[in-house]
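> I'll drop the sequence and a predicted model, then ask my questions.
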Amino acid sequence: MDGAANITAAALLQQILVGLSRTTILFIVSSGLSLVLGVLRIPNVAHGSLYMIGAFLTYSVATLAGGGTVGFIVALTVAPLGVALISFVVERGLFCHLYEREHLMLLLFTFSIMLVFGDLVKLIWGSDYRSLTAPLFLQGSFSIQGFPFPRYNLFLLLVGPLVAAGLWFLTNKTKIGKIARAAAVDREMVGAMGINVSWVFAAVFVIGCYLAGLGGALVAPTQNITQGMDHTIIIEAFLIVIIGGLGNIWGALLGALIFGLTDAIGILIWPQFAIVFPYAAVVVVLLFRPKGLLKSTW
Amino acid sequence: MGMEKEHRHLIFLGIPVMAVLLLLPLGVSRFYVYLVSLMLVTGLLATSLNLVLGFGGMYQFHHAVFYGTGAYALALVVTKTGWPWWIGFLAAPICSGALGLIMGVITVRLSKLYFGMLQISLGSLVWAIVFRWYAFTGGDDGIHGIPVPDLIGSSTGAYYFTLAVSLTALFAMYRILCSPFGRTFQGIRDNPERCRALGIHVQRHQLVGEGLAGFFASVAGALFVTVEGSVFPDLLFWTLSLEIVIMCLLGGWFIFLGPMLGAAIIVTLRTFVGIYTEYWTLVLGIVLMLLIFFLPEGALGLVLRHREPAAGSGKEA
Amino acid sequence: MLRITGLNKSFDGFQAVADASLDIEKGEVVAVIGPNGAGKTTLFNLITGQLTPDSGEIWFREENITGLPAHVISRKGIGRSFQIVNVFDRLTVFENVQIAVLARRGNTLNLFRPARSMAVKETGDVLANVGLSEKRTMTSGMLSHGDRKVLEIAIALGSRPELLILDEPTAGMSPDETAATLDLMTRLSGDLGLTILFCEHDMGLVFSIANRITVMNHGATIIQGLPEDVRRNRQVQKAYLGGDVPC
């Protein structure tokens, strides 16, 4: 705790910005998880695997496309779509037979998918980690009162609100969004209106998983792409969704903010135990609001 | 299914199985003695989970925390203090039982998925502390070469100790499930609302269940240290927790010995599949998928269903 | 024995129970009737603590029990059955009732004695009383619907209540089973002296057993009186949308 006294305003600001960039990734991933959880009632443990696959795909596509700015942009477009395609196959091939099962079975089933995907990634990409450099115009950093702030993080800070706005538009202004929200509340009613609920579910699942892939693609240049990144992100995403309110996308935003910021500030206060801070924050939130901060769709 | 109905199968199967277990070190190599020890430890762990999962209907998603806490309690007492090994072995269930009660106080207010998720967050907190506290827990390296008393130091000695302790623990759990508490607990599983209408304080019973589950899981954890001589943070990582849930599902979670069978199958599979391929989790994943699609009552559940037409209709969603 | 005044409960703006009042004397058999959605089940859930009222008071034996948790109210002597069958599906018939007996005796936290030998006689008596003795070893999830409804009542009896609340005890039963349930209710009231509050759509059963009848509509208790008064009352006929109340 010795460093605590030396925290300057600039360092704090820098950490908050870093935390907010992390929040962007967390929000994108957990909003997808929340969407699937809210509408389909599936606690999708394999969501983290799709994030990992998104990151690995981004690496491969960017490399195939010749790297550089073009490669990155192509990868950022293609990789999440590839993840969406995988999720579409999984949903139509496996999940759609299981909707009536209880939550525990669904959770275990998605866990089995996580196990399979984990090893498939190992099979395809090997056990070594990969790293991807950001395109030139996003490399390097500029300084905030003497502290460096990576350009790529600024890029993330711009992407976050864009995705949030897109999600808002999707859920509030489009037909499928409205149907999905109605289905989250009352499945039977939507079915009774002559809408094919099964395809609505498929669409929502694919959109949710696309977000996992997008999160993976965006995170790719910021860290090593490794086995096991699925394990970490999925727990974080679940906790974010829980503290935000199951199925509530804005809850996911709020949860991601809490998670990202406590993590970043934890690094400043007590680096060795920084990892403990967000978990502790989650516990504190749940002590007072056991069903999450915002209204759950459950 | 009530506990009473299983009784006959238990005796029927129990005697030959016991004979084999007792004579095992005389007939097979050290490797198999070790393998069976691991089965017993893992089986005890899975049975302790099933105490609250299959018989209490609680979504205990992070059971490994209690296992790991028990293992670390023994390891830390042995390596950090001058106290005798046996004190460490007693400290394990006390620590985890207490942890179970503390986590229980916080979590039993919620039910089902919320309960499970809050437990995962609390458990992850414990994991994160163990994972990072290098000075005390060894961090992600863990602690290795934990000494064992001479009496049970040999692999045969460790085996008989594990056998004796796990059978005692299994018997204790069986007795508890046959007690008024156990019966009420199963009633709460089937229908908590009805139990409240009968004057039963549901949350208090769930709290006791949590404490018991933590207690017995840590016995398994302490046995693991006895057999393996080491601890590491993966012992309380959430993926292990879900693997234990799979064991219960695989063996059948409405049957007392189901998780024991499930654990034996998983341990065997992991050991032998591991010889041929490094892609063990792929195999586990596929086994689990097939299981959920075709055998939701578990292996032992299937056998028992063919013996007598029982198995009630699942109602609780 | 039970006195309810000015009870209100609403869900998301829907007034399920509106200013309901009810009075039950010891030893009475009181029926609550009314169309579907009149608030009968909600009223029962408020009495037994499954729900908490928004306002109003519930007094049981000179004691205010408004808003107490369900398990506390149960221990004060109010037992109930549920409209939708609410038994312990994976346990045997015997175990179902035994849990109720053990709960009443305060034994449910006992970890050490085998339950097999506990409360056997009393549980057996309850099962004999309702006619389920022969099915005691059956898993309750395997019972017929009628038997499950009877088991519902048996579980409630296991806690030896002074006031027994039955929510549509004969719903979905065959005529024979209904007759047997009517007989059972008569015996419970006559031989054991139980006070019974029930709701029921079978008017034949209502008028053949109830000492007094309360009519509910739109969440309100619109009339409480003797069976013959209720039968003649025009409001009641209106509540049933002009349908004839069978004589």
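Now that the structure is in, tell me what you want to look at. This one's a predicted model, so the numbers in the text were calculated from it and none came from an experiment. Numbers count the residues shown, from 1 in each chain, chains lettered A, B, ... in the order given.

> Secondary structure element holding residue C:79?
strand C:78-80 (DSSP states H and E).

> next one: residue B:186
Remark: residue B:186 resides in helix B:180-190, with elements defined by DSSP H and E.

> Please see if that helix touches chain C.
Yes. For helix B:180-190 and chain C, the contact criterion (CB under 8 Å from any CB of the partner chain) is met by B:180, B:181, B:182, B:183, B:184, B:186, B:187, B:189, B:190. To be clear about C-beta, it is placed using only N, CA and C from the backbone, and glycine gets the same treatment.

> and of those residues, the nearest to residue B:51?
Residue B:51 lies nearest to residue B:182 out of the residues of helix B:180-190 next to chain C, by CB to CB, at 8.7 Å.

> Need the per-residue pLDDT for the closest one.
Note for residue B:182: predicted pLDDT of 95.

> Wait, it touches residue C:113, no?
No. Under the criterion of CB atoms under 8 Å, residue B:182 makes no contact with residue C:113, lying 10.6 Å away.

> of the two, who's got more company?
Taking other CB atoms under 10 Å in any protein chain shown, residue B:182 and residue C:113 do not tie; residue B:182 has more neighbours (26 against 14).

> Strands of the chain, residue ranges please.
Since no chain was named, I'll use chain A. According to DSSP state E, chain A carries its strands in the segments A:141-144, A:147-150.

> You answered for a different chain; I wanted chain C.
Listed from the start of the chain, chain C has strands (DSSP E) covering C:2-11, C:14-24, C:29-33, C:55-60, C:63-64, C:78-80, C:163-167, C:195-199, C:212-217, C:220-225.

> Distance of the closest residue to chain C within the stretch 151-298 of chain A relative to residue C:69?
Taking CB to the nearest CB, chain C has its nearest neighbour within the stretch 151-298 of chain A at residue A:185, 11.9 Å off. When CB to CB, to the nearest Å is the yardstick, residue A:185 and residue C:69 sit 29 Å from each other.

> same question, residue B:24
Distance, residue B:24 to residue C:69, by CB to CB: 52 Å.

> Tell me which of the two has more neighbours.
For the pair residue B:24 and residue C:69, the greater number of neighbours falls to residue B:24 (17 against 14), based on other CB under 10 Å.

> residue at max distance from the center of chain B?
Most distant from the centre of chain B: residue B:197, at 31.6 Å, with distances by CA atoms, centre = their mean.

> give me every residue that touches that residue.
Listed by CB atoms under 8 Å, 6 or more residues apart in numbering or on different chains, the contact partners of residue B:197 are C:48, C:50, C:70, C:71, C:74, C:79, C:80, C:82, C:156.

> quick one: which of those is nearest residue A:275?
Nearest member of these to residue A:275, counting by CB to CB, is residue C:71, at 40.6 Å.

> in which helix or strand would I find the nearest residue to residue B:148 once chain neighbours are set aside?
Once its chain neighbours are removed from consideration, residue B:148 has its nearest residue in residue B:226; the separation is 5.8 Å (CB to CB, 6 or more residues apart in numbering or on different chains). Here residue B:226, judged by DSSP H and E, is contained in helix B:202-228.

> What average pLDDT does that helix get?
pLDDT averaged over helix B:202-228 equals 96, rounded to a whole number.

> so who does the residue nearest to the spatial centre of chain C touch?
When chain C is reduced to its mean C-alpha position, the closest residue under CA atoms, centre = their mean turns out to be residue C:166, at 1.8 Å. If a contact means CB under 8 Å, 6+ apart, then residue C:166 has C:80, C:81, C:153, C:156, C:185, C:196, C:197, C:198, C:199, C:200 as its contacts.

> before we move on, what about residue A:136?
Counting by CB under 8 Å, 6+ apart, residue A:136 makes contact with A:68, A:69.

> How many residues are close by whichever residue of chain C sits closest to chain A?
Nearest to chain A, among the residues of chain C, is residue C:12, at 11.9 Å (CB to the nearest CB). The burial metric for residue C:12, expressed as a neighbour count using other CB under 10 Å, is 4.

> Before I go, just wanted to say thanks for your time.
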